[in-house]
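Chemist: Structure for the following, please:
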Amino acid sequence: MALHYFPEGFTSNGTPDERTLRDGEQALPESLCRTSFTTRVLCFFALGRPDFKDHWESLQCVDAFETVRGKLCSILTNTITAASLLLATSGVFVTTGSPVPYFDYSSPAPYFLLFISLMLAMIAMLTSGLSMIRWLHTDRQWAQEQLKSGGYSLLSYLLSIVIPMSFAGWSLNCFIFAMVITGFHSQNTVCRTLTALWLVIYVVIIGLILIEFTRKYRKSLN
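Modeler: Residues are numbered from 1 along each chain as shown. You can find the predicted model right below:
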(Lines give C-alpha, C1' and ligand atoms only; values in the text may rest on other atoms or scores of the structure.)
Protein backbone atom coordinates (compact mmCIF):
# COMPACT_ATOMS: atom_id res chain seq x y z
CA MET A 1 0.00 0.00 0.00
CA ALA A 2 1.42 3.32 -0.99
CA LEU A 3 1.84 5.85 1.73
CA HIS A 4 1.07 9.47 0.87
CA TYR A 5 3.03 12.12 2.71
CA PHE A 6 1.50 15.53 3.28
CA PRO A 7 3.80 18.29 4.46
CA GLU A 8 2.95 19.79 7.82
CA GLY A 9 0.69 22.82 7.61
CA PHE A 10 -0.91 21.70 4.33
CA THR A 11 -4.56 22.67 4.04
CA SER A 12 -7.17 22.23 1.36
CA ASN A 13 -7.86 25.96 1.11
CA GLY A 14 -5.80 26.38 -2.04
CA THR A 15 -2.29 27.50 -2.79
CA PRO A 16 -0.61 30.22 -0.71
CA ASP A 17 -1.05 32.67 -3.57
CA GLU A 18 -4.78 31.93 -3.76
CA ARG A 19 -5.16 32.30 0.01
CA THR A 20 -3.31 35.60 -0.08
CA LEU A 21 -5.51 36.85 -2.90
CA ARG A 22 -8.68 35.96 -1.03
CA ASP A 23 -7.43 37.57 2.14
CA GLY A 24 -6.57 40.72 0.20
CA GLU A 25 -10.02 40.83 -1.36
CA GLN A 26 -11.81 40.58 1.98
CA ALA A 27 -9.70 43.12 3.85
CA LEU A 28 -11.14 46.60 4.30
CA PRO A 29 -8.89 49.47 3.20
CA GLU A 30 -7.57 51.66 5.97
CA SER A 31 -9.58 54.63 4.66
CA LEU A 32 -12.83 52.73 5.35
CA CYS A 33 -11.92 51.44 8.81
CA ARG A 34 -11.65 54.83 10.49
CA THR A 35 -14.35 57.19 9.30
CA SER A 36 -15.88 60.30 10.83
CA PHE A 37 -19.39 60.50 12.25
CA THR A 38 -20.53 62.50 9.23
CA THR A 39 -19.21 59.85 6.86
CA ARG A 40 -20.96 57.10 8.80
CA VAL A 41 -24.26 58.97 8.67
CA LEU A 42 -23.90 59.55 4.92
CA CYS A 43 -23.01 55.90 4.49
CA PHE A 44 -26.14 54.89 6.39
CA PHE A 45 -28.33 57.08 4.18
CA ALA A 46 -26.71 55.93 0.94
CA LEU A 47 -25.95 52.25 1.61
CA GLY A 48 -28.17 51.32 4.54
CA ARG A 49 -25.30 50.72 6.99
CA PRO A 50 -22.95 53.09 8.85
CA ASP A 51 -19.92 51.03 7.84
CA PHE A 52 -18.52 49.89 4.51
CA LYS A 53 -17.92 46.22 5.34
CA ASP A 54 -20.88 44.75 3.44
CA HIS A 55 -20.55 47.19 0.57
CA TRP A 56 -16.84 46.47 0.20
CA GLU A 57 -17.52 42.73 0.13
CA SER A 58 -20.10 43.25 -2.60
CA LEU A 59 -17.40 44.86 -4.74
CA GLN A 60 -15.44 41.60 -4.76
CA CYS A 61 -18.07 39.75 -6.81
CA VAL A 62 -19.53 40.75 -10.16
CA ASP A 63 -23.03 39.47 -9.35
CA ALA A 64 -23.11 41.15 -5.94
CA PHE A 65 -21.89 44.42 -7.45
CA GLU A 66 -24.61 44.30 -10.10
CA THR A 67 -27.19 43.76 -7.36
CA VAL A 68 -25.93 46.78 -5.41
CA ARG A 69 -25.79 48.92 -8.53
CA GLY A 70 -29.34 47.89 -9.40
CA LYS A 71 -30.59 48.91 -5.94
CA LEU A 72 -28.85 52.28 -6.11
CA CYS A 73 -30.20 52.95 -9.60
CA SER A 74 -33.67 52.00 -8.34
CA ILE A 75 -33.33 54.57 -5.53
CA LEU A 76 -32.32 57.22 -8.05
CA THR A 77 -35.21 56.27 -10.34
CA ASN A 78 -37.69 56.65 -7.48
CA THR A 79 -36.09 60.00 -6.61
CA ILE A 80 -36.52 61.20 -10.18
CA THR A 81 -40.18 60.11 -10.11
CA ALA A 82 -40.85 61.91 -6.82
CA ALA A 83 -39.00 65.03 -7.99
CA SER A 84 -41.01 65.03 -11.23
CA LEU A 85 -44.29 64.95 -9.31
CA LEU A 86 -43.11 67.76 -7.03
CA LEU A 87 -41.94 69.78 -10.03
CA ALA A 88 -45.28 69.40 -11.79
CA THR A 89 -47.33 70.15 -8.66
CA SER A 90 -45.27 73.15 -7.60
CA GLY A 91 -45.30 74.43 -11.17
CA VAL A 92 -49.09 74.35 -11.24
CA PHE A 93 -49.35 76.24 -7.93
CA VAL A 94 -46.77 78.83 -8.99
CA THR A 95 -48.26 79.53 -12.40
CA THR A 96 -51.96 79.47 -11.53
CA GLY A 97 -54.10 81.24 -8.97
CA SER A 98 -56.19 79.64 -6.27
CA PRO A 99 -59.57 78.35 -7.50
CA VAL A 100 -61.18 79.18 -4.12
CA PRO A 101 -60.95 82.49 -2.22
CA TYR A 102 -60.40 80.95 1.24
CA PHE A 103 -57.17 79.16 0.21
CA ASP A 104 -55.04 81.88 -1.34
CA TYR A 105 -51.46 80.66 -1.80
CA SER A 106 -50.39 83.69 -3.86
CA SER A 107 -49.33 85.69 -0.79
CA PRO A 108 -45.54 86.32 -0.54
CA ALA A 109 -44.53 83.63 1.97
CA PRO A 110 -46.37 80.63 0.45
CA TYR A 111 -45.52 81.71 -3.08
CA PHE A 112 -41.83 82.00 -2.19
CA LEU A 113 -41.84 78.51 -0.63
CA LEU A 114 -43.62 77.07 -3.66
CA PHE A 115 -41.05 78.66 -5.94
CA ILE A 116 -38.20 77.24 -3.81
CA SER A 117 -39.91 73.84 -3.93
CA LEU A 118 -40.04 74.10 -7.71
CA MET A 119 -36.33 74.94 -7.95
CA LEU A 120 -35.29 72.20 -5.53
CA ALA A 121 -37.35 69.61 -7.40
CA MET A 122 -35.64 70.64 -10.62
CA ILE A 123 -32.21 70.32 -8.99
CA ALA A 124 -33.20 66.93 -7.58
CA MET A 125 -34.10 65.70 -11.07
CA LEU A 126 -30.83 66.98 -12.55
CA THR A 127 -28.61 65.52 -9.80
CA SER A 128 -30.49 62.22 -9.90
CA GLY A 129 -30.02 61.99 -13.65
CA LEU A 130 -26.31 62.75 -13.40
CA SER A 131 -25.85 60.20 -10.61
CA MET A 132 -27.80 57.63 -12.61
CA ILE A 133 -25.47 58.10 -15.58
CA ARG A 134 -22.49 57.81 -13.24
CA TRP A 135 -23.66 54.52 -11.72
CA LEU A 136 -24.76 52.98 -15.01
CA HIS A 137 -21.28 53.50 -16.49
CA THR A 138 -19.18 52.63 -13.45
CA ASP A 139 -17.46 49.31 -12.78
CA ARG A 140 -16.11 47.46 -9.76
CA GLN A 141 -12.52 48.63 -10.21
CA TRP A 142 -13.55 52.29 -10.33
CA ALA A 143 -15.75 51.90 -7.25
CA GLN A 144 -12.93 50.22 -5.34
CA GLU A 145 -10.50 52.99 -6.24
CA GLN A 146 -12.99 55.64 -5.10
CA LEU A 147 -13.40 53.95 -1.74
CA LYS A 148 -9.69 53.30 -1.27
CA SER A 149 -8.82 56.94 -1.97
CA GLY A 150 -10.95 58.21 0.91
CA GLY A 151 -11.37 61.94 1.52
CA TYR A 152 -13.15 63.84 -1.24
CA SER A 153 -13.51 60.75 -3.44
CA LEU A 154 -15.27 58.86 -0.66
CA LEU A 155 -17.61 61.76 0.07
CA SER A 156 -18.36 62.16 -3.63
CA TYR A 157 -19.15 58.44 -3.81
CA LEU A 158 -21.73 58.74 -1.02
CA LEU A 159 -23.13 62.13 -1.98
CA SER A 160 -24.00 60.87 -5.47
CA ILE A 161 -26.87 59.04 -3.74
CA VAL A 162 -27.59 61.31 -0.77
CA ILE A 163 -27.72 64.70 -2.54
CA PRO A 164 -30.59 63.87 -4.96
CA MET A 165 -32.67 62.43 -2.10
CA SER A 166 -31.92 65.50 0.03
CA PHE A 167 -33.05 67.95 -2.63
CA ALA A 168 -36.26 65.97 -3.17
CA GLY A 169 -36.92 65.93 0.58
CA TRP A 170 -36.31 69.67 0.93
CA SER A 171 -38.60 70.32 -2.02
CA LEU A 172 -41.37 68.29 -0.38
CA ASN A 173 -40.95 70.10 2.93
CA CYS A 174 -41.06 73.53 1.28
CA PHE A 175 -44.29 72.56 -0.48
CA ILE A 176 -45.84 71.28 2.77
CA PHE A 177 -44.89 74.42 4.70
CA ALA A 178 -46.35 76.58 1.92
CA MET A 179 -49.66 74.73 2.23
CA VAL A 180 -49.56 74.96 6.05
CA ILE A 181 -48.97 78.72 6.01
CA THR A 182 -51.75 79.18 3.47
CA GLY A 183 -54.13 77.08 5.53
CA PHE A 184 -53.49 78.89 8.80
CA HIS A 185 -53.97 82.28 7.13
CA SER A 186 -57.32 81.22 5.72
CA GLN A 187 -60.50 82.87 6.98
CA ASN A 188 -62.32 79.53 6.77
CA THR A 189 -62.55 77.65 10.09
CA VAL A 190 -62.77 74.25 8.43
CA CYS A 191 -59.66 74.99 6.36
CA ARG A 192 -57.70 76.01 9.47
CA THR A 193 -58.86 72.89 11.32
CA LEU A 194 -57.83 70.59 8.47
CA THR A 195 -54.48 72.38 8.25
CA ALA A 196 -53.87 71.87 11.97
CA LEU A 197 -54.76 68.18 11.64
CA TRP A 198 -52.44 67.86 8.63
CA LEU A 199 -49.62 69.53 10.58
CA VAL A 200 -50.06 67.13 13.50
CA ILE A 201 -49.97 64.13 11.17
CA TYR A 202 -46.87 65.54 9.47
CA VAL A 203 -45.05 66.02 12.80
CA VAL A 204 -45.98 62.50 13.92
CA ILE A 205 -44.73 60.99 10.67
CA ILE A 206 -41.43 62.90 10.88
CA GLY A 207 -41.03 61.79 14.50
CA LEU A 208 -41.65 58.14 13.60
CA ILE A 209 -39.15 58.36 10.75
CA LEU A 210 -36.50 59.82 13.06
CA ILE A 211 -37.16 57.18 15.72
CA GLU A 212 -36.92 54.38 13.15
CA PHE A 213 -33.78 55.90 11.68
CA THR A 214 -32.15 56.11 15.12
CA ARG A 215 -33.17 52.56 15.99
CA LYS A 216 -31.78 51.10 12.77
CA TYR A 217 -28.60 53.14 13.07
CA ARG A 218 -27.93 51.93 16.61
CA LYS A 219 -28.82 48.36 15.66
CA SER A 220 -26.41 48.40 12.73
CA LEU A 221 -23.64 49.68 15.01
CA ASN A 222 -24.08 46.64 17.23
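
Chemist: Just the endpoints, please. Distance across stretch 28-37?
Modeler: 18 Å (C-alpha to C-alpha, to the nearest Å).

Chemist: Which residues belonging to that stretch are considered buried?
Modeler: Residues of stretch 28-37 classed as buried by neighbour count (16 or more other C-beta atoms under 10 Å): 31-32, 35. Every residue, glycine included, has its C-beta placed from N, CA and C.

Chemist: contacting residues for the closest residue to Tyr157 other than its chain neighbours?
Modeler: Distances taken as C-beta to C-beta, 6 or more residues apart in numbering put Gln146 closest to Tyr157, at 4.7 Å, once the chain neighbours are dropped. Taking C-beta atoms under 8 Å, 6 or more residues apart in numbering, we find Gln146 in contact with 153-154, 156-157.

Chemist: quick check, nearest of those to Leu72?
Modeler: Tyr157 (10.7 Å; C-beta to C-beta).

Chemist: which residues does the closest one contact?
Modeler: Counted by C-beta under 8 Å, 6+ apart, Tyr157 has contacts 143, 146-147.

Chemist: In a markdown table: these, plus distance to Gly169 and secondary structure.
Modeler: What follows is the contacts of Tyr157, written out as a markdown table (distance: C-beta to C-beta, whole Å; DSSP: H, G, I helix; E, B strand; the rest coil):
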| residue | distance to Gly169 | secondary structure |
| --- | --- | --- |
| Ala143 | 25 | helix |
| Gln146 | 25 | helix |
| Leu147 | 26 | helix |
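
Chemist: I'd like these as a markdown table, with distance to Gly70 and pLDDT appended.
Modeler: Supplementary listing: these in a markdown table, determined by distance: C-beta to C-beta, whole Å; pLDDT from 0 to 100:
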| residue | distance to Gly70 | pLDDT |
| --- | --- | --- |
| Ala143 | 14 | 84 |
| Gln146 | 18 | 81 |
| Leu147 | 19 | 82 |
